[in-house]
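A.B. asks: could you work out the structure for the sequence below:
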Amino acid sequence: MNKDVPVVIFCGGAGTRLREETEFKPKPMVTIGNRPILWHIMKIYAHYGFKKFILCLGYKREMIKEYFYHYEIVHNDVIITLGRNSNFQIFNGHDEEDWQIILSDTGDNAYKGARLKRIQKYIGSDELMVTYGDGVTDIDINNLLTFHRAHGKIATVTGVRPKFLRFAELETRSDHVTKFTEKPQNNGNYINGGFFVFKRKIFDYLEDRDNCDLEVGTLEEISKAGELMIYKHDKFWACMDTLRDVEYLNNLWNSRQAAWKIWQ
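C.D. replies: Modelled structure (predicted):
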């Protein structure tokens, strides 16, 4: 398995349905336990050896930059010597070794397609993984990537079946996505759970303009061309979309029932 495949995470939206939290911080920085949900997502990928991250920043981008800039000091033991010859020593106390994180400003108001297009310059591989900055799962990333490589199409989307349908629905035939419908009514089909894998050719469908979307337009077009496949994940998946979701995920974490905590 090629661990050089980068992981792109959308971190630029304002999270308007979670205004109680996002008025003061970007949505990916809303915490589960004492860590941002963004950290939990990155830990899922890192557990499988994927440690090259590209964060597409926008709304309150400075908070995410500051979090990672100060990460070593905040999450390690530190000895500080004050005075004219001041210095500090860091004693390793975390497991996020060798993470490489590109923090890319992709615009205040850009849609996800535009954000993805704007980080193309950082993609040196033939494949990339992409996900949202607000969803956690116990998905096996290696199996997802293996599935994607086996079918040879441009795109793979992870299909999930949550309790409440608020996201793009996927009409399927076998493992082909025959129709990608954003914000449908609930009829029991799989929905878009994020955790995509794309061939580099995805960039041919994107434009560097703020209103270039990923779901509406791009994935709809790719699915009509028969180039979008579904990886069906019937185990745990949840997103942080409302305050109730925040409480739900924190209750799971605090009660040691967080199924997405696959790392030790």
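A.B. asks: so where's the stretch 51-200 of the chain shaky on pLDDT?
C.D. replies: The stretch 51-200 of the chain contains residues with pLDDT under 70 at 163-172, 180-188.
A.B. asks: could you pull out the strands for the stretch 1-150 of the chain?
C.D. replies: Remark: strands assigned in the stretch 1-150 of the chain by DSSP state E, counting those that start in this stretch are 7-11, 31-32, 35-36, 52-57, 77-81, 87-91, 100-105, 127-132, 135-137.
A.B. asks: from the contact counts, what lies against the last one?
C.D. replies: So the one you mean is strand 135-137. Packing contacts for strand 135-137, counted by 3 or more CB pairs under 8 Å, 6 or more residues apart in numbering; DSSP states H and E, involve helix 37-47, strand 237-239. C-beta here means a position set from N, CA and C on the backbone, and glycine is covered the same way.
A.B. asks: lowest mean pLDDT across these, which one is that?
C.D. replies: Of all the helices and strands packed on strand 135-137, mean pLDDT reaches its minimum on strand 237-239 (a mean of 94).
A.B. asks: any idea which helix or strand comes after it?
C.D. replies: Counting by DSSP states H and E, the next helix or strand C-terminal to strand 237-239 is helix 243-254.
A.B. asks: what packs against that following helix?
C.D. replies: Applying 3+ CB pairs under 8 Å, 6+ apart, we find helix 243-254 packed against helix 19-22, strand 31-32, strand 237-239.
A.B. asks: so for that helix, what gets flagged as buried?
C.D. replies: Of all the residues in helix 243-254, those buried under the rule 16 or more other CB atoms under 10 Å are 245, 246, 249, 250, 252, 253.
A.B. asks: mind saving the C-alpha coords of it as PDB?
C.D. replies: Coordinates of each C-alpha in helix 243-254 appear next as PDB, following Å, rounded to 0.1, in the frame of the first residue of the first chain:
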ATOM      1  CA  LEU A 243     -25.100  20.700  18.500                       C
ATOM      2  CA  ARG A 244     -26.900  17.400  19.000                       C
ATOM      3  CA  ASP A 245     -24.200  15.700  17.000                       C
ATOM      4  CA  VAL A 246     -21.500  17.300  19.100                       C
ATOM      5  CA  GLU A 247     -23.100  16.000  22.300                       C
ATOM      6  CA  TYR A 248     -23.600  12.600  20.800                       C
ATOM      7  CA  LEU A 249     -19.900  12.200  19.700                       C
ATOM      8  CA  ASN A 250     -18.700  13.500  23.000                       C
ATOM      9  CA  ASN A 251     -20.900  11.100  24.900                       C
ATOM     10  CA  LEU A 252     -19.400   8.200  22.900                       C
ATOM     11  CA  TRP A 253     -15.900   9.400  23.500                       C
ATOM     12  CA  ASN A 254     -16.400  10.000  27.200                       C
END
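A.B. asks: and stretch 11-19, how far from the chain's centre?
C.D. replies: 14 Å (CA atoms, centre = their mean, to the nearest Å).
A.B. asks: and it, what's buried?
C.D. replies: Under 16+ other CB under 10 Å, the buried positions of stretch 11-19 are 11, 12, 13, 14, 15, 18.
A.B. asks: okay, the helices and strands packed on helix 243-254 in CSV with distance to residue 208 next?
C.D. replies: Listed next are the helices and strands packed on helix 243-254 as CSV, based on distance: least, CB to CB, whole Å:
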stretch, distance to residue 208
helix 19-22, 26
strand 31-32, 33
strand 237-239, 28
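A.B. asks: of all the ones you listed, which lies closest to residue 38?
C.D. replies: Relative to residue 38, the nearest member of the helices and strands packed on helix 243-254 by CB to CB is strand 31-32, separated by 9.7 Å.
A.B. asks: which residues are contacting that closest one?
C.D. replies: In this structure, residues lying in contact with strand 31-32 by CB atoms under 8 Å, 6 or more residues apart in numbering are 37, 40, 136, 240, 246, 249, 250, 253, 258.
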